[in-house]
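> Structure for the following, please:
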Amino acid sequence: MQILIESQQDKNYYKDERSQAGTMKGILADTIVVGIDEAGLGPILGPLVVSAATFSVPEGNSDKSLADMWQLLGESIASNKKHLAGRLLICDSKKAYNPTIGTGHLEKTVLSCLKCLGKSAFTVAELVDSLGPECKVKILESPWFKNIAQQKINFNADEISISAGALERNLEKNGMALIGLKSFCLDAGYFNELIGKIRNKSSVVFQIVCRLINETINGTQHRNYHFKIDRQGGRMRYAQPLMTMFGGMDLKVLEENDNISSYQLSTSYKMVKLDFAVGADDIYLPTSLASMTSKYLREQLMAALNGYFLERCSQLKPTAGYWTDGKRFLNDLKTIAPQIQYDPRQLIRCR
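Numbering: from 1, shown residues only. Next up is the predicted model:
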């Protein structure tokens, strides 16, 4: 069983459970609920980011906890921009962000959640360190990302502290906790490397998703896990690739239909439910938070990319990296700024 996203410790997604027997005595009863979503799957420029937002909820019915999270946490968060009254917005990133309103909602939510985890990010480099430090080496190989340590994130620290404190108290009141916010970021160069090995964009995303699942279930000593993952593309059946990725666990297919594909992975020690659901980023709070986190990190890195090229030619217009606008930007580089040299394998995605 092999993982193509490099790391010696990740050669196997799930270690033989017998090697864990001595470490599982302190297993915890609370359920871990995790939302996973991506940003930047379609563009030809800029990074692909996949994030996981992890909460602990009281032992019992995780489905009910997931369904009620917005209501339970209504004192500190909301799912709609109207009538926020100082609360954090947590929703599908497509509702929280557009180029006109900017990254304000994304920024406040992500930085407040990082604050809950005892982390702060005053530069884009620190944001990468807080969300996905193992990706930093690859990111810094691209010249347009080399100055992210100097790219400041300007925010109201008092406002972030107040929002984070309100969310923490609200979570604690309901027996919950935010215990993780993690991103895996592929710049175009690394994305192209993986496509060269895997040949399929959806399979690249699936491998990252499985890495985030693996890190969660191996990184905490809980018995029960429930993942809500936004379904990408038309795939309905995940049993075979899950068996390949998690060969050390028993697999049971719970449900497969047009809206949701559900599975149970288990060992003697752990029970893991996986739901690949259409529109999960709009239905489940953890998946919404993952969506916003992925989008915020991507937008910060796109700002670095645009800044690099506009600094070398002020006549260029920034790009969001999506197909039509990305092609326009590449044509502008050729016609307006031919003096700017770059490696297309580092800048342009092959798929």
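
> all helices of the stretch 1-150 of the chain, in order?
Taking DSSP state H, counting those that start in this stretch as the test, the helices found in the stretch 1-150 of the chain are 62-72, 93-96, 104-116, 124-131, 136-139.

> any chance of those in a markdown table, plus distance to residue 350 and mean neighbour count?
In this view, the C-beta of every residue, glycine as well, is placed from N, C-alpha and C. Listed next are those as a markdown table, based on distance: least, C-beta to C-beta, whole Å; neighbours: other C-beta atoms under 10 Å:
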| stretch | distance to residue 350 | mean neighbour count |
| --- | --- | --- |
| helix 62-72 | 37 | 17 |
| helix 93-96 | 25 | 20 |
| helix 104-116 | 28 | 22 |
| helix 124-131 | 24 | 21 |
| helix 136-139 | 16 | 16 |
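
> Relative to residue 228, which of those is closest?
Each of the helices of the stretch 1-150 of the chain has some distance to residue 228 by C-beta to C-beta; the shortest is helix 62-72, at 6.5 Å.

> The spatially most central residue of the chain pairs with what?
Centroid check for the chain by C-alpha atoms, centre = their mean gives residue 51 as the closest residue, at 1.0 Å. Counting by DSSP bridges, residue 51 forms beta bridges with residue 37, residue 183.

> The one 5 residues further on now?
Counting by DSSP bridges, residue 56 is bridged to residue 32, residue 177.

> Now for residue 278: which residues touch it?
For residue 278, the contacting residues are 230-231, 258-260, by C-beta atoms under 8 Å, 6 or more residues apart in numbering.

> Farthest pair within those?
Largest separation among the contacts of residue 278 by C-beta to C-beta: 230 and 258, giving 14.8 Å.

> out of the two, which sits in the busier spot?
Just comparing residue 230 and residue 258: by other C-beta atoms under 10 Å the higher neighbour count belongs to residue 230, 24 against 9.

> wait, isn't the more buried one in contact with residue 283?
No. Contact criterion C-beta atoms under 8 Å: residue 230 and residue 283 do not qualify, at 9.3 Å.

> Any idea how many residues pack against the residue nearest to residue 286 when sequence neighbours are not counted?
The shortest distance from residue 286 to any non-neighbouring residue, by C-beta to C-beta, 6 or more residues apart in numbering, is to residue 35 (2.9 Å). Residue 35 has 28 neighbours, counted by other C-beta under 10 Å.

> Residue 35 is in contact with residue 283, isn't it?
No. Using C-beta under 8 Å as the test, residue 35 is too far from residue 283 to be in contact (9.8 Å).

> ok so, going back, TSV for the helices of the stretch 1-150 of the chain, including distance to residue 330 and mean pLDDT?
Shown next, in TSV, are those (distance: least, C-beta to C-beta, whole Å; pLDDT from 0 to 100):
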stretch	distance to residue 330	mean pLDDT
helix 62-72	41	82
helix 93-96	25	94
helix 104-116	26	97
helix 124-131	23	97
helix 136-139	21	94
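
> In CSV: these, plus distance to residue 39.
Below are these laid out as CSV (distance: least, C-beta to C-beta, whole Å):
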stretch, distance to residue 39
helix 62-72, 21
helix 93-96, 6
helix 104-116, 10
helix 124-131, 12
helix 136-139, 15
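
> Phi first, then psi, for the closest residue to residue 43 other than its chain neighbours.
Spatial nearest neighbour of residue 43, chain neighbours left out: residue 321 (3.7 Å); criterion: C-beta to C-beta, 6+ apart. Dihedral angles of residue 321 (phi, psi; degrees, to the nearest 10) stand at phi 90, psi -10.

> If I look at residue 321, what pLDDT would I see?
For residue 321, the model assigns a pLDDT of 96.

> rewinding a little: list just the nearest of the contacts of residue 278 to residue 117.
Using C-beta to C-beta, the contacts of residue 278 come closest to residue 117 at residue 230, 22.3 Å.

> If we go by neighbour counts, what in stretch 236-254 is buried?
The neighbour-count check on stretch 236-254 (16 or more other C-beta atoms under 10 Å) flags 238, 242, 245-246, 248-249, 251 as buried.

> er, stretch 310-320 actually
316, 319-320.

> host element of residue 207?
helix 201-219 (DSSP states H and E).

> buried residues in that helix?
By neighbour count on 16+ other C-beta under 10 Å, the buried set for helix 201-219 is 201, 203-217.

> just to revisit the earlier point, isn't the residue nearest to the centre of the chain right up against residue 293?
Yes. Applying C-beta under 8 Å, one finds residue 51 in contact with residue 293, separated by 4.1 Å.

> hey, what's in contact with both of those two?
The contact lists of residue 51 and residue 293 share 131, 181, 183, where a contact means C-beta under 8 Å, 6+ apart.

> Show me which of the residues you listed is closest to residue 300.
residue 131 (10.2 Å).

> so how many other residues sit close to the nearest residue to the closest one once chain neighbours are set aside?
Nearest non-adjacent residue to residue 131, counting by C-beta to C-beta, 6+ apart: residue 183, 4.0 Å away. Residues lying near residue 183 (other C-beta under 10 Å) number 28.

> Would you mind giving me the confidence score for residue 183?
We note a pLDDT of 97 for residue 183 in this prediction.

> i'd like the first residue to be 37 from this point on
With 37 as the first residue, the last one maps to residue 219.

> check contacts around it.
Going by C-beta under 8 Å, 6+ apart, residue 219 touches 85-88, 167-168, 171, 329-330, 333.

> Could you dump these into TSV with distance to residue 160 added?
Formatted as TSV, the contacts of residue 219 follow (distance: C-beta to C-beta, whole Å):
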residue	distance to residue 160
85	13
86	18
87	16
88	20
167	11
168	12
171	12
329	14
330	15
333	9
